[in-house]
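**Q** Any chance you could fold what I've pasted below:
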Amino acid sequence: MIEKRMGPFVFFDLGQTLISEWDFIAHFDAKFLELLNGFGARIDARNYRAVRDDIIRSRRIGHGSVSELIMEVCAVVLPAGYGQVIASRIKPEIKRGRKEFFRFADGAREVLESLSSKYELGIIANQSDDILDLLQEYEKYFKVKTISGVAHLKKPNPRIFQLALKEAGRQAGECIMVGDRLDTDICPANRLGMKTVRVRDSLFALQEPREECEYATGTVATLADVPQAIENIVAAWKQ
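**A** Modelled structure (predicted):
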């Protein structure tokens, strides 16, 4: 039973959960497609998206995400050996795109205001430390910020979750994890005994559960639906 005075501790993922990456994804796709064709791929946008989505759906990328996606797409549409070259060429565009296009999702402030009035909040995210600049404006909402680029641990490694739990001063059974990916957010959190909320407004909505730990406690269409999902979990806890 959760202590009523404290309520649950709610952890959020960042990318495609609290942070909208759709503009960044459009920027990345355009630059990547241009490079692919510059190296002779001869692939149009529709077929590129089909290849990209199949790679995501079939779990051929891990927590490296963009870097692994580049290698996997290149392996499909180009002869061997081009992946590293293209990854090196597009790296400055990725860095620029993160700075220019990463932003908190529409309604994020309202969601955080609502939840922080009732619960303690934190972050567990696979992000480089440059994300801390974007977080400054929202820093007041978070008691814990466990970022892979700072912690030198990455989800789904349970140690990054355990580090966040230690910083929060909570047990896993008192916490809820909100994220978009089944493999790096939902499954590892479930395995530790946390409750989970999956946000489907993400490219990783393409993922389908493969094992029991990948079924979230609750699933929502958008970030705006998260507070109600949290309330449903808390209500079930009190029964």
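
**Q** Kindly state the domain boundaries assigned to the chain.
**A** Listed domain ranges for the chain are 9-21+103-238, 22-101 (source: automatic domain parsing).

**Q** Run the chain-centre distance for the last one.
**A** This points to domain 22-101. 18 Å (Cα atoms, centre = their mean, to the nearest Å).

**Q** re the thing from before, please indicate which of the domains of the chain has the most neighbours on average?
**A** Comparing those on average neighbours per residue, with mean count of other Cβ atoms under 10 Å, the densest one is domain 9-21+103-238 at a mean of 19. Backbone N, C-alpha and C define where each C-beta goes, glycine included.

**Q** Average pLDDT for that domain, rounded please.
**A** In this model, domain 9-21+103-238 carries a mean pLDDT of 97.

**Q** distance between the ends of that domain?
**A** 15 Å (Cα to Cα, to the nearest Å).

**Q** any idea how far that domain is from the chain center?
**A** How far domain 9-21+103-238 lies from its chain's middle: 8 Å, per Cα atoms, centre = their mean.

**Q** Let me see the ranges of the helices in the protein.
**A** Assigned by DSSP state H, the helices in the chain fall at 22-38, 45-57, 66-77, 83-101, 108-116, 131-135, 148-151, 158-168, 187-192, 226-238.

**Q** Which strands or helices does the third one pack on?
**A** Translated: helix 66-77. Packing partners of helix 66-77 (3 or more Cβ pairs under 8 Å, 6 or more residues apart in numbering; DSSP states H and E): helix 22-38, helix 45-57, helix 83-101.
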